[in-house]
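Colleague: A predicted structure for the sequence below; I have some questions about it.
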Amino acid sequence: MSARPNYAGPRRSHTTEKFKDHEFLLEKLAYQKAKIEKLSVKLTKLKKKVIQQNLHRIQLEKEMKKLTGNSVLIRNCLLCDKTWKASGQHRVAVLKCGHTFGNNCIKKFVAVYQMCPGCEKPAKTEDVHFINGL
């Protein structure tokens, strides 16, 4: 009998460790994927809620216009409901579609959703412009 080194033992151990590491990474990946899907569903629900609230406000504005016969200017941001400022971060801003918001609010919204929260038309942060005198 010759004394041959036993290579099968360490190889199995190394292979088992690799398999466990691979298994762990797959589980971690599955967990992260599930977490992303859950957050995506939450984000979609929040997006729909914001859009519904804004559509409701726009409808109220249209109803007021019908009742009074003139245009009603809502002086609050449709996203945060705070009063616009003449200057600063919450200065009134408008998108190409004509909907108005606080500058900071609309820039953040458009950066994420790439659309107007009032009418869902495509929008970019470059489309946000200031309105003077409001």
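Modeller: That came through, no problem. Numbers count the residues shown, from 1 in each chain.
Colleague: what's the model's confidence in stretch 100-114, averaged?
Modeller: Here stretch 100-114 scores 91 as its mean pLDDT.
Colleague: Just give me the longest helix of the chain.
Modeller: The longest helix of the chain (DSSP state H) is helix 8-68.
Colleague: I'd like the next helix or strand past that helix.
Modeller: The helix or strand immediately downstream of helix 8-68 is strand 92-94, counting by DSSP states H and E.
Colleague: For that next one, which outside residues touch it?
Modeller: Applying C-beta atoms under 8 Å, 6 or more residues apart in numbering, the contact partners of strand 92-94 are 84-85, 100-103, 106-107, 128-131, 134. The C-beta positions use only the backbone N, C-alpha and C, and glycine is treated the same way.
Colleague: redo that, cut-off 10 Å
Modeller: With C-beta atoms under 10 Å, 6 or more residues apart in numbering as the test, strand 92-94 has contacts from 73, 75, 77, 83-86, 99-107, 127-134.
Colleague: strands paired with it, and their directions?
Modeller: In the sheet, strand 92-94 lines up against strand 100-102 (antiparallel), strand 129-130 (antiparallel) (DSSP bridges).
Colleague: burial count for the nearest residue to residue 118 once chain neighbours are set aside?
Modeller: Spatial nearest neighbour of residue 118, excluding adjacent residues (C-beta to C-beta, 6 or more residues apart in numbering): residue 99 at 3.8 Å. Neighbour count for residue 99, taken as other C-beta atoms under 10 Å: 18.
Colleague: Go ahead and confirm residue 99 touches residue 51.
Modeller: No: if you go by C-beta atoms under 10 Å, residue 99 and residue 51 don't touch, sitting 11.6 Å apart.
Colleague: anything in contact with each of these two?
Modeller: Common neighbours of residue 99 and residue 51, using C-beta under 10 Å, 6+ apart, are 116, 117, 118, 119.
Colleague: Just give me the closest of the residues you listed to residue 31.
Modeller: When the shared contacts of residue 99 and residue 51 are ranked by distance to residue 31 (C-beta to C-beta), residue 117 comes first, at 32.1 Å.
Colleague: thinking again about what came up before, just the buried residues from the contacts of strand 92-94, in PyMOL please.
Modeller: To isolate in PyMOL the members of the contacts of strand 92-94 that are buried, counting by 16 or more other C-beta atoms under 10 Å, one can use:
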select buried, resi 77+84+99+100+101+102+103+104+105+106+127+128
